[in-house]
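Asks: got a predicted structure plus its sequence, pasted below:
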Amino acid sequence: MTYRPMFPAVALAALIAACSQEADTAPAPEAPAVQTAATDNIHGFRIGEFQAWALRDGSLSFPNDNETVAIGESAEDTDAVLTAAGLPTDEVSLGLQPLLVRMGERTVLFDAGAAGQMGTQGLLPQSLTSAGVEPGQVTDILISHGHGDHVGGLVAGGALAFPNAVIRMSQEEWAALQADEAMAELVSIITPRVETFVAGSEVIPSVISVGIDGHTPGHSGYKIASGEDRLLYIGDTAHHHVISVQRPDWTIAFDGDAPTAEASRRAILQRAADENLRVYAVHFPFPGLGRVERNDDGFVWSPEG
């Protein structure tokens with residue numbers, strides 16, 4: 001099944017600065033003690049004092065034809081990179097796993113999956129339940145950007161899928177989402193719950209937004225901190241755990257401003273390697289948790305565990 005964003009990146013002549021909507025102040029019900037179910041669709045780990053889970057939503061795949069990733073590169077060069085990593089060369093596959101973190105009284109979801117669209121399996125609801133959390137207990141949803149595989153799961157059956165959650169995204173990303181006619185129904189449903197922020201701000205306690213330019217107008221990563229522990233959620237900075245990491249300058253169709261995205265990708269990879277950062281990559285093989293290491297004059301993904 002071919003992966004295509006649900007909407008193209010939108011170039012705006014002016015940012016909509018005052019787009020934050022006042023959220024309903026009714027508190028979400030307190031989540032009970034965590035009782036997780038044994039399943040391959042969740043992966044639990046800790047960020048300092050916080051309990052976290054990778055939540056499998058599904059997977060995406062598309063032909064390895066140099067029309068989606070490695071645009072403009074030769075088939076021989078692309079196949080060589082994949083073969084050296086022990087991967088097939090007929091298609092390219094991506095994971096899709098939103099991140100869930102319990103932070104004291106907050107239960108925070110990072111991105112919301114595709115809701116079964118775009119050829120995905122729509123596993124997020126059952127993965128969330130396996131982690132011991134019901135949709136009404138999610139207090140905050142932090143969106144990296146407005147592509148369908150990250151916001152599609154915000155809505156179910158024409159209503160909010162997470163009725164008590166504040167939906168947070170950058171001002172620029174919300175402006176782009178509002179401007180996209182294909183997303184009009186979703187926007188109308190989520191508007192009362194949306195709050196926006198500027199890049200580099202503390203979005204909620206212990207989470208700072210990281211502006212990562214090029215993929216979409218306001219694409220955001222998130223740095224989660226607890227004690228001495230840190231985790232960098234990179235959103236769609238890098239899509240493929242081999243091609244995007246080992247060849248960050250290769251063009252991918254999903255980036256709205258490819259040259260800027262490529263520069264941002266290399267900068268984030270360099271920062272992650274230099275600072276030995278623990279990284280969460282939503283599209284890398286499940287659970288998307290690991291580190292970036294230097295390899296000669298480039299980088300390589302080292303999955304955790």
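Replies: That came through fine. Residues are numbered from 1 along each chain as shown.

Asks: at which residues are the helices of the stretch 51-200 of the chain located?
Replies: For the stretch 51-200 of the chain, the helices defined by DSSP state H, counting those that start in this stretch occupy 75-84, 124-130, 148-151, 171-179, 184-190.

Asks: buried residues in the second one?
Replies: For helix 124-130, the neighbour count (16 or more other Cβ atoms under 10 Å) marks Leu124, Pro125, Gln126, Ser127, Leu128, Thr129, Ser130 as buried. Using the backbone N, CA and C atoms, a C-beta is placed for each residue, glycine as well.

Asks: same question for the longest one.
Replies: Buried residues in helix 75-84, counted by 16+ other Cβ under 10 Å: Thr78, Asp79, Val81, Leu82.

Asks: before we move on, what about stretch 189-200?
Replies: Ile189, Ile190, Arg193, Val194, Glu195, Thr196, Phe197, Ala199.

Asks: turn those residues into JSON lines, including distance to Ile224 and pLDDT.
Replies: Below are the buried residues of stretch 189-200 laid out as JSON lines (distance: Cβ to Cβ, whole Å; pLDDT from 0 to 100):
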{"residue": "Ile189", "distance to Ile224": "27", "pLDDT": "98"}
{"residue": "Ile190", "distance to Ile224": "23", "pLDDT": "98"}
{"residue": "Arg193", "distance to Ile224": "21", "pLDDT": "98"}
{"residue": "Val194", "distance to Ile224": "21", "pLDDT": "98"}
{"residue": "Glu195", "distance to Ile224": "18", "pLDDT": "98"}
{"residue": "Thr196", "distance to Ile224": "19", "pLDDT": "98"}
{"residue": "Phe197", "distance to Ile224": "15", "pLDDT": "98"}
{"residue": "Ala199", "distance to Ile224": "16", "pLDDT": "94"}
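
Asks: which pair in those residues spans the largest distance?
Replies: Taking Cβ to Cβ, the two most distant members of these are Ile189 and Ala199; they sit 25.6 Å apart.

Asks: wait, Glu202 touches Ile208, no?
Replies: Yes. Counting by Cβ atoms under 8 Å, Glu202 does reach Ile208; the two are 5.3 Å apart.

Asks: next, count neighbours for Gly104.
Replies: 9 (other Cβ atoms under 10 Å).

Asks: oh, that last question was meant for Leu231, not what I typed.
Replies: Leu231 - counted by other Cβ under 10 Å - has 24 other residues nearby.

Asks: for it, which residues are in contact?
Replies: Ile47, Ala52, Lys223, Ile224, Leu277, Arg278, Val279, Tyr280 (Cβ atoms under 8 Å, 6 or more residues apart in numbering).

Asks: how about the third one, secondary structure?
Replies: Okay, so that is Lys223. strand (DSSP: H, G, I helix; E, B strand; the rest coil).

Asks: could you pull out the strands in the stretch 1-150 of the chain for me?
Replies: 42-47, 50-55, 58-63, 91-96, 99-103, 106-110, 140-142 (DSSP state E, counting those that start in this stretch).

Asks: what pairs with the shortest one, parallel or antiparallel?
Replies: According to DSSP bridges, strand 140-142 has the following sheet partners: strand 106-110 (parallel), strand 166-170 (parallel).

Asks: contacts for it next, please.
Replies: 106-112, 154, 162, 165-169, 203-204, 207, 220, 222.

Asks: adding distance to Thr237 and mean neighbour count, write the strands of the stretch 1-150 of the chain out as JSON lines.
Replies: Formatted as JSON lines, the strands of the stretch 1-150 of the chain follow (distance: least, Cβ to Cβ, whole Å; neighbours: other Cβ atoms under 10 Å):
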{"stretch": "strand 42-47", "distance to Thr237": "19", "mean neighbour count": "18"}
{"stretch": "strand 50-55", "distance to Thr237": "17", "mean neighbour count": "23"}
{"stretch": "strand 58-63", "distance to Thr237": "16", "mean neighbour count": "18"}
{"stretch": "strand 91-96", "distance to Thr237": "13", "mean neighbour count": "20"}
{"stretch": "strand 99-103", "distance to Thr237": "14", "mean neighbour count": "23"}
{"stretch": "strand 106-110", "distance to Thr237": "13", "mean neighbour count": "25"}
{"stretch": "strand 140-142", "distance to Thr237": "15", "mean neighbour count": "25"}
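
Asks: just give the closest residue to Gln117, not the sequence neighbours.
Replies: Gly152 (5.1 Å; Cβ to Cβ, 6 or more residues apart in numbering).
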